[in-house]
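starting from these lines, generate the structure:
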Amino acid sequence: MTETGGRKCDFLTLSCATLALGALLAWVEPAAHAQTVNPLSYKGPDRQKFLEDGAQRERTVVFYSGWGSDQVLRPMADAFQRKYPFIKMEFVEGNGRVLSQKILNEARANARYGDIVGGTGVYGSLTKAKLAQPYYTPEADAFPAEYKSPEGLFVSGNIYYYGVAYNTKTVAASDVPKTYEDLTDPKWKGKIVWPSNSDSGAPLFIGNILLTMGAQTGEDYLKKLSANRIVNYTGSARAMVDRVGQGEYLLALAAFAHHPLISKEKGAPLEVSMLQPVPTDINTILAVKDAPHPHAAALLLDFIFSREGQTSLRDSGYFPSRLDIEPIPEMRKVIPQLNGMKVNVFTPEAVTAVHDQANVLFQRYFR
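Numbering: from 1, shown residues only. Down below sits the predicted model:
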């Protein structure tokens, strides 16, 4: 026994204190590690364990997505939760404009809810507002360079090809449009619809025309097309195609090429015509700045971009961005690269380049 500062101390007491301090440090160290390291950009060798430990504390991840709830998001949530039963995957469906505005409103109210967001059109508004943060996923190596951001701000969840949906009962095979010029035929007057409340609808169609024909020739074409009184549709893209199938409209422009084929499999009188060059959009998936569940969000991003997640998308009728996933046979005919067709790929940079002029021309001729 020794005297220390006027107090008696023995070896057993010191040993207990040392053990207690060690236990305290063992408890504090992971918490401090979690606070100082951004889980969404973490690349350490213990990454998987680090993310799972953090996700067990968070217990939830929230995904804002343009994918359909029944078709994609519920099956994906089920598969993700089978892999990580301690994480509840919540999701909110909507188009890019709606979801971007939701995140902007949450930021203004300082009340974050969503962790990641995916959709066409979300990249421009959220990066401009500085509400997207870079993230790391090892799965990104399987994606082409044009389908991911060099700064790590997005990876493409899937590819969208756009075509002309038509009703096979009301449109004769000989009348099916084969070129953009065919759409200006007066017989279609008042019988064509396109989505007007989404950046992947009318603005994308107009942008594709500008990229293909040039500014002046493109505007001349659009002025001619406007004589057919295109109907501006503000519902969902899927509902628009369904209304073509019901005979309310004969043609739908800027339609997701897979939607008519999915409905056709269920018995609807629908088909799609692919006009060259085919406008092709990428579904950018971003991590929200100050995401409330960053560990779980990183695990969900890994899952979405994994072979398992991309195969789930493929089986739902979507076109995965990974090069090592084969498309289902029924969808091959609308993939332009497999059919020798020209494409215009609308990366976020390409969208930005034509966005303002496309909206000006939409307001001038189609509003």
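
can you tell me the closest non-neighbouring residue to A252?
A165 (4.1 Å; Cβ to Cβ, 6 or more residues apart in numbering). For every residue, glycine as well, the C-beta is placed using N, CA and C.

how far away is the nearest residue to G190 once chain neighbours are set aside from D302?
Excluding the flanking residues, the one nearest G190 by Cβ to Cβ, 6+ apart is R229, at 5.0 Å. Distance, R229 to D302, using Cβ to Cβ, to the nearest Å: 48 Å.

which residue ranges form the helices in the stretch 151-300 of the chain?
Ranges of helices within the stretch 151-300 of the chain are 202-213, 215-226, 237-245, 258-265, 294-305, based on DSSP state H, counting those that start in this stretch.

just the CA trace of the fourth one, in PDB.
Listed next in PDB are the C-alpha coordinates belonging to helix 258-265 (Å, rounded to 0.1, in the frame of the first residue of the first chain):
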ATOM      1  CA  HIS A 258     -41.100   0.900 -70.900                       C
ATOM      2  CA  HIS A 259     -44.500   2.000 -69.600                       C
ATOM      3  CA  PRO A 260     -46.500   1.000 -72.700                       C
ATOM      4  CA  LEU A 261     -44.700  -2.300 -72.800                       C
ATOM      5  CA  ILE A 262     -45.600  -3.000 -69.100                       C
ATOM      6  CA  SER A 263     -49.200  -2.200 -69.700                       C
ATOM      7  CA  LYS A 264     -49.200  -4.200 -72.900                       C
ATOM      8  CA  GLU A 265     -48.100  -7.300 -70.900                       C
END
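
elements contacting it?
Counting contacts by 3 or more Cβ pairs under 8 Å, 6 or more residues apart in numbering; DSSP states H and E, helix 258-265 packs against strand 155-167, helix 237-245, strand 270-273.

switch the cut-off to 7 Å
Using 3 or more Cβ pairs under 7 Å, 6 or more residues apart in numbering; DSSP states H and E, the elements in contact with helix 258-265 are helix 237-245, strand 270-273.

least reliable of these by average pLDDT, please.
Here the lowest mean pLDDT among those goes to helix 237-245, at a mean of 94.

for that helix, buried residues please.
Using 16 or more other Cβ atoms under 10 Å as the test for burial, helix 237-245 gives A237, M240, V241, D242, R243, V244, G245.

again with stretch 52-64
G54, A55, E58, V61, V62, F63, Y64.

can you give me the end-to-end distance of that stretch?
Terminal residues of stretch 52-64 are spaced 21 Å apart (Cα to Cα, to the nearest Å).

ditto for stretch 67-80
In stretch 67-80, first residue to last residue: 16 Å (Cα to Cα).

same check, this time on stretch 111-127
End-to-end span of stretch 111-127 (Cα to Cα): 19 Å.

numbering from 33 from now on, please.
That works, and once the first residue is 33, the last one we named lands at stretch 143-159.

need the helices and strands packed on helix 290-297 in CSV with distance to D207, can you?
CSV is the format used below for the helices and strands packed on helix 290-297 (distance: least, Cβ to Cβ, whole Å):
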stretch, distance to D207
helix 269-277, 14
strand 302-305, 10
